[in-house]
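[1] Got a sequence here, can you model it:
(chains A and B)
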Amino acid sequence: MSSQQVAVAGVGMHPWGKWGRNFVTYGVHAARAALADAGIPWGDVDYVVGGETVRNGYGGYVAGATFAQALGWNGARVATSYAACATGAQAIDTARSRILAGLCEVALVVGADTTPKGFLAPNAGERWDDPDWLRFRLLGMTNPAYFALYARRRMDLYGATSEDFAQVKVKNAKHGLSNPNARYRKEVAAADVLASAVVCDPLHLLDICATSDGAAAVVLCSAEYAARLGLDDAVRVAAVSTVTPTFPNTVMDMPMLSTDPSAATGEPEHTFKESIGLAAYEEAGISPEDVDVAEVYDLSTALELDWIEDLGLCKRGEAETLLRAGDTTVGGRIPVNPSGGLACFGEAVPAQALAQVCELTWQLRGQAGERQVEGARVGITANQGLFGHGSSVLLSR
Amino acid sequence: MTHTSLPAVDGWFTTSGPAPALIGSRCSVCTSTYFPPIPGNAGFCRNPACDGETFDEVELSRRGRIWSYTDAQYQPPAPYVAPQPEGEAYVPFALAAVELAEGLVVLGQVADGYGVDDLKVGAEVELVVERLYGDTTEDGSSQDRTIWRWKPVTELGEEADQ
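    Purely as a prediction, here's the structure:
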């Protein structure tokens, strides 16, 4: 392992669900599980990065310190990251950079959330300069409405069907059956999806992910520390991409009411979501053909199909062909969301990008049990959040 | 009791001309045109290759093509304000993202009476202004709050067929 690489020493999670407890409880549970998995004592951790949760008061705003205090102050340096859905990956990026700079040896990254029921809505008060408030007030534009815009484009441009979207749910439900951290562990038939209520046409209730409580933690360490620990064959962080869009961002993005204008500059070469994966591949020197397994952000079933193309795992408009051939199922050519994805977890924002890294770590170690992707050596994650945030983490072994 | 009508948001669209239009801010250097308009038409152009800091108020194209569309089958949560009186059933509405000649896509609700079955990616729509919800003024009289919406354009050929 090169000194330019960072090892994933340990991973741990608190199961997703609606447990109704404080987010700190989940975070400490996940952190202790990750430290135990790594065989590293808490006293050796010299950097703690928390994923901020905006829903849980001041303790959530300073999540890094909140977790550090709950684990017992040990004098470690601390940071808190917020990047919407990409929060966990940005937290990993912060920890990794400090390790690579030689400024710390062992970093603990934790994300946890406690979520309310129903649609996610903006903060209270009259906020006329906040697009996240304005989109509800002026348009009634909820999160699923944005997901539905992308789904509809797949139908009108590439011939996708509601049945295709339902089959994504069927596949992910099957993947998540044996995952002890998944919230929903039940087989779903395509007919169940199609019979569920339409929320935002063409998406049914079972096409859209829920919001969940949950926590995930990752322990990262330097190559030298890994060698001392005997972790010569550890999973490595090959790349972390947290790029912002390039002007003009011409794809309608949540929570905006419009896109950037392209008339004066012309269209960009790559969409924002394409550029997220491209930056990860470039940083790692790995190409899409090398990828064995992917964990992508299926906020909706249709969005999983978009991500498969955005990550270059097939050509634009061909994701349905992969799905129908079983290529994206465990046992197929390029399994997608072997964890069960957001379909089986529901979203716990600051924890979700970390959960993707936990799953790929288990996959690359060969510890994923019944959902194991045989011989997986390279895995990629992808997600996108509000306001120009997105991430992709490439892991290899 | 007087009945008045006011935009639900100030300065984003105009109804003063022969037909309503969205108002944008056009960079005086690179001509990139932004919506929603930039307050006071003073700020920083978001084109990274441009250092423009002043903008001209312009009316945007009144017609565009549908980039995508959906609807809201359940009543959205606050700060959405329901248009129907208390106790009456919620009526779903459609939403469309529309590409304009200025090279930007603008979201909007779809005009009353039209649903997703009336829409198609690439189809032409035009801007209208309609009631979004009602509220009351300080003297207790009722008042409509209006918003821009996208209305399908019936092709002349189709009209002749009906």
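
[2] Quick check: next helix or strand after the biggest strand by length in chain A?
    If you go by DSSP state E, chain A has its longest strand at strand A:6-17. Using DSSP states H and E, the helix or strand that follows strand A:6-17 in sequence is helix A:23-38.

[3] Direction included, what does the helix or strand that comes right after that next one pair up with?
    Using DSSP H and E, the helix or strand that follows helix A:23-38 in sequence is strand A:47-51. With DSSP bridges as the test, strand A:47-51 is paired with strand A:77-81 (parallel), strand A:106-113 (parallel).

[4] Now do strand A:47-51, average pLDDT.
    The average of the pLDDT scores along strand A:47-51 is 98.

[5] Now do that strand against helix A:23-38, angle only.
    Going by axes from the mean of the first three to the mean of the last three Cα atoms, to 10 degrees, strand A:47-51 is angled at 130 degrees with respect to helix A:23-38.

[6] Can you tell me what sits against strand A:47-51?
    A:27, A:62-68, A:71, A:76-82, A:87-88, A:91-92, A:94-95, A:98-99, A:104, A:106-112, A:349-351, A:354 (Cβ atoms under 8 Å, 6 or more residues apart in numbering or on different chains). Where you see a C-beta, it was placed from the backbone N, CA and C, and this is true even at glycine.

[7] Any of those residues buried? List them.
    Listed as buried from the contacts of strand A:47-51 are A:27, A:63-68, A:71, A:76, A:78-82, A:87-88, A:91-92, A:94-95, A:98-99, A:104, A:106-112, A:349-351, A:354; burial here means 16 or more other Cβ atoms under 10 Å in any protein chain shown.

[8] which regions of chain A sit below the pLDDT cut-off?
    Within chain A, the segments meeting pLDDT under 70 span A:1, A:3, A:118-120.

[9] Quick check: phi and psi at residue 83.
    This is for chain A. Main-chain dihedrals, residue A:83, degrees, to the nearest 10: phi -150, psi 40.

[10] That was the other one, I meant chain B.
    Torsion angles, degrees, to the nearest 10, at residue B:83: phi -80, psi -20.

[11] quick one: the nearest residue to it once chain neighbours are set aside from residue B:91, how far?
    Residue nearest to residue B:83 in three dimensions, not counting chain neighbours: residue B:133, with 4.7 Å by Cβ to Cβ, 6 or more residues apart in numbering or on different chains. Residue B:133 sits 12 Å away from residue B:91, going by Cβ to Cβ, to the nearest Å.

[12] Could you check how far stretch A:201-216 is from the centre of its chain?
    13 Å (Cα atoms, centre = their mean, to the nearest Å).

[13] now swap in stretch A:175-193 and tell me
    Counting by Cα atoms, centre = their mean, stretch A:175-193 comes out at 18 Å from the chain centroid.

[14] Show the contacting residues for the residue nearest to residue B:83.
    Contacts of residue B:133 (Cβ under 8 Å, 6+ apart): B:8, B:81, B:82, B:83, B:144, B:145.

[15] Let's see which of those end up in strands.
    Per DSSP E, the contacts of residue B:133 map to strands at B:144, B:145.
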